[in-house]
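> Here is my input; please provide its structure:
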Amino acid sequence: MENWLGLLRIHVQRGVNLAIRDSISSDPYVVVRMGKQKLKTRVVKRNVNPEWNDFLTLSVTDPNTPVKLFVYDKDTFSFDDKMGDAEFEIGPFFKAVKMGLQLQGLPDGTIISKVEANRQNCVAEESKILVSNDKVVQNMVLRLRNVECGEVELQLQWIDVPTSKALQNN
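So this is what the prediction gives:
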């Protein structure tokens with residue numbers, strides 16, 4: 001725990017226009033990986049526009065480690081089908097979090113930074129890092145790769161750990 005910078009809470013909100021992997025629909029779930037950590041959402045049955053609304057929390061030891069996201073279709077009698085993947089960097093978000101006390105008192109919705117969508121990342125549209133309820137959050141829409149269609153909507157939030165290095169550096 002002494003190497004933790006803090007915790008990254010990922011709110012996996014929804015999938016949009018996911019690929020059909022069963023006869024007329026899919027039973028999607030999301031797996032999130034960061035380094036050796038692996039977490040997954042619940043399965044939403046028969047839905048290509050699932051509302052997961054699940055919160056997954058990862059411990060962060062290196063803000064340069066990318067977060068990888070995989071979407072699968074749950075199958076009962078065979079291996080689960082791949083429905084695409086994406087990855088994103090938390091560096092810009094972590095940089096905003098480290099501003100800490102400088103952000104206190106800013107009104108909700110104040111934009112701290114933006115991550116532009118480009119060919120090198122999976123961000124589908126401009127991603128804003130902003131203040132919400134005195135916390136730094138980042139809203140993201142990720143375009144899935146290695147699949148014909150689909151996006152996943154997320155929100156990132158930082159949770160300080162009392163003994164974290166991030167606090168000691170502020």
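
> residues touching residue 157, list them.
Residue 157 sits next to 8, 9, 11, 135, 136, 137 when contact means Cβ atoms under 8 Å, 6 or more residues apart in numbering. (Glycine included, C-beta is placed from N, CA and C.)

> Pretty sure the fifth one sits against residue 96.
Yes: in this structure, residue 136 is within contact of residue 96 by Cβ atoms under 8 Å, at 5.1 Å.

> Now do the shared contacts for the two.
Common contact partners of residue 136 and residue 96 (Cβ under 8 Å, 6+ apart): 103, 112, 129.

> Starting from residue 111, give me the distance back to the closest residue in space to the first one that isn't next to it in sequence.
This means residue 103. In this structure, residue 103 finds its nearest non-sequential neighbour in residue 131, 6.0 Å apart by Cβ to Cβ, 6 or more residues apart in numbering. Per Cβ to Cβ, to the nearest Å, residue 131 is found 8 Å from residue 111.

> Looking at the two, which is more packed in?
Per other Cβ atoms under 10 Å, whichever of residue 131 and residue 111 has more neighbours is residue 131, with 19 against 11.
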